[in-house]
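In: just a sequence and a predicted model for now, questions to come.
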Amino acid sequence: MDMKFKLLAILRTINTKPPKSRINGALSRARAVGCLILSCFFFLLSAYSFWKVRDIDGILLLALSLLCAAGAFFGKRLFRQGTASIIFCVILVGIAVCSTIWASSHILSMMLILFIPTVTISLCGIKYGSMISGLLVLYFIVLFYSPLFDRVPSGYPAEMRIFYPILYAIVYAAFFAYSYFQHKQLLVKSQNAQTLEKAVNAEHDKLMAMTTQTILSISNAVDARDTYTKRHSSRVAEYSVMLATELGWDSRRLERLYNIALLHDIGKIGVSDSILNKHSSLTDEEYEAIKQHTVIGGEILKDLTLLPNASIGAISHHERYDGTGYPYGLKGSQIPLEARIIGITDAFDAMNSSRVYRNKMMAKDILQELQSGRGRQFDPELLDKFLPIAERILESNVI
């Protein structure tokens, strides 16, 4: 298999992170707003209770207010975080247990406890929140329907003793069912979103594969005009990816660089064969004509929407780090990073290949020439990264 296809195969096996679904973010924001409203409501009731009654009901209200505020401000860091939210909810349940035994305002206390399934399931989720609130169902059944109720210091109306455990169980079951079906619905939406993302990514990969094959064909057509530069663009692309890999680029960026490098000489389509294949030295007019291949390449690639910024390699790969290059005399960081990379690998492959006007240079001369261009023709940091790669390539050629 050709090296360029092996390289593309490797790039496509590297996992890339798919776009995050927005469903969970929207749900978290909605839950935070709801908790903040409940927190304000419970805090006002707590203040009223302490001012009017001064009993344990105020503590219960304050605990509910603090829990809802914690959920609103900490968001995902608190929601579904087992240890923290369970501790909060256990404290809340403890206060509720005490409230049923010692509270003076039984109606207010009982009404507040009906909010506990809402708070615990919101904080801990269906798994732990349901377990915590479900234990309160057992507690009320044991307390209200057993002889233990006769030992409770506070007196409860007879109808409350009969109906309250049933009322709490109904509220608990209703909120659990609502949360469970909401959870299932969100799960289905999330799965559908993931399926859609996979389908979009698959289509994108197919489109990029077709684009890459088209680019390879164009690149081969350009290189075929000169037998001495056969596969030049492919080698430059491979070497560019090797250098960018040393810089820590991800697979998407490497693939984009590979395609940009493949097209860096596309502007030579607009240069006559008599100039490209001339055996003798070029005249000043001919040299100016061949320099125009950078501008021609930029014009050809500027509207290639499937490969954003494809033109930067074609336009700027002959710019020099000291600002003496062409076509625009860009200097240092003004030269796009991709073009600086391609500039190094293009010069290296040119020296390591036989041309119509000269033979391939010796390995030591190539390395010396690269070093002499450090800070003048080439980005010094990129060159330092590339020199070990160049040495390996030259050694493999000798072997």
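Out: Received the coordinates, thanks. A quick note: this is a predicted structure, and the numbers were derived from the prediction, not measured.
In: dump the host helix or strand of residue 257 to PDB, restricted to CA.
Out: For residue 257, the element it lies in under DSSP states H and E is helix 251-262. Output of helix 251-262 as PDB, limited to C-alpha atoms (Å, rounded to 0.1, in the frame of the first residue of the first chain):
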ATOM      1  CA  SER A 251      -6.000  13.900  13.800                       C
ATOM      2  CA  ARG A 252      -8.400  16.400  12.200                       C
ATOM      3  CA  ARG A 253      -5.800  19.100  12.000                       C
ATOM      4  CA  LEU A 254      -3.200  16.600  10.700                       C
ATOM      5  CA  GLU A 255      -5.500  15.400   8.000                       C
ATOM      6  CA  ARG A 256      -6.200  19.000   7.000                       C
ATOM      7  CA  LEU A 257      -2.500  19.800   6.800                       C
ATOM      8  CA  TYR A 258      -1.900  16.700   4.700                       C
ATOM      9  CA  ASN A 259      -4.400  17.900   2.100                       C
ATOM     10  CA  ILE A 260      -3.100  21.400   2.200                       C
ATOM     11  CA  ALA A 261       0.400  20.200   1.600                       C
ATOM     12  CA  LEU A 262      -0.700  18.000  -1.200                       C
END
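In: could you say what helices and strands it packs with?
Out: In terms of contacts (3 or more Cβ pairs under 8 Å, 6 or more residues apart in numbering; DSSP states H and E), helix 251-262 is packed against helix 3-13, helix 158-223, helix 232-246, helix 311-316, helix 337-351. Quick note: C-beta positions are derived from backbone N, CA and C, even for glycine.
In: quick check: angle from it to helix 337-351?
Out: Here the directions of helix 251-262 and helix 337-351 differ by 50 degrees (axes from the mean of the first three to the mean of the last three Cα atoms, to 10 degrees).
In: buried sites along helix 251-262?
Out: 254, 255, 256, 257, 258, 259, 260, 261, 262 (16 or more other Cβ atoms under 10 Å).
In: from those, which is closest to residue 339?
Out: Closest approach to residue 339 among these (Cβ to Cβ): residue 260, at 8.6 Å.
In: now that closest one: how far from residue 298?
Out: Here residue 260 is placed at a distance of 12 Å from residue 298 (Cβ to Cβ, to the nearest Å).
In: outline the domain layout of this structure.
Out: Domain assignment of the chain by automatic domain parsing yields the ranges 23-195, 224-398.
In: so after the helix holding residue 257, what's the next helix or strand?
Out: Following helix 251-262 in sequence, per DSSP H and E, is helix 273-276.
In: and the strand or helix carrying residue 385, C-alpha only, in CSV?
Out: Assessed by DSSP H and E, residue 385 sits inside helix 380-398. Below are the C-alpha coordinates for helix 380-398, written out as CSV (Å, rounded to 0.1, in the frame of the first residue of the first chain):
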residue,chain,number,x,y,z
PRO,A,380,14.0,28.0,14.0
GLU,A,381,11.7,26.2,16.4
LEU,A,382,10.1,24.2,13.6
LEU,A,383,13.4,23.4,12.1
ASP,A,384,14.8,22.1,15.4
LYS,A,385,11.8,19.7,15.5
PHE,A,386,12.3,18.6,11.9
LEU,A,387,16.0,17.9,11.8
PRO,A,388,15.8,14.6,13.7
ILE,A,389,13.0,13.6,11.2
ALA,A,390,15.2,14.6,8.3
GLU,A,391,18.1,12.5,9.6
ARG,A,392,15.8,9.5,9.9
ILE,A,393,14.5,9.9,6.4
LEU,A,394,18.0,10.3,4.9
GLU,A,395,19.3,7.3,6.8
SER,A,396,16.4,5.2,5.5
ASN,A,397,17.2,6.3,2.0
VAL,A,398,20.8,5.1,2.4
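In: buried residues in that helix?
Out: Buried residues in helix 380-398 (16+ other Cβ under 10 Å): 382, 383, 385, 386, 387, 389, 390, 393, 394.
In: show me the contacts for the residue nearest to residue 342 when sequence neighbours are not counted.
Out: Closest residue to residue 342 apart from its sequence neighbours, by Cβ to Cβ, 6 or more residues apart in numbering: residue 317 at 4.4 Å. Applying Cβ atoms under 8 Å, 6 or more residues apart in numbering to residue 317 gives the contacts 264, 294, 339, 342, 343, 346.
In: before we move on, back to that, now the buried residues of helix 380-398 as TSV including distance to residue 249 and pLDDT?
Out: Output for these, formatted as TSV (distance: Cβ to Cβ, whole Å; pLDDT from 0 to 100):
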residue	distance to residue 249	pLDDT
382	12	96
383	17	96
385	12	95
386	14	96
387	19	95
389	14	95
390	19	94
393	19	92
394	24	91
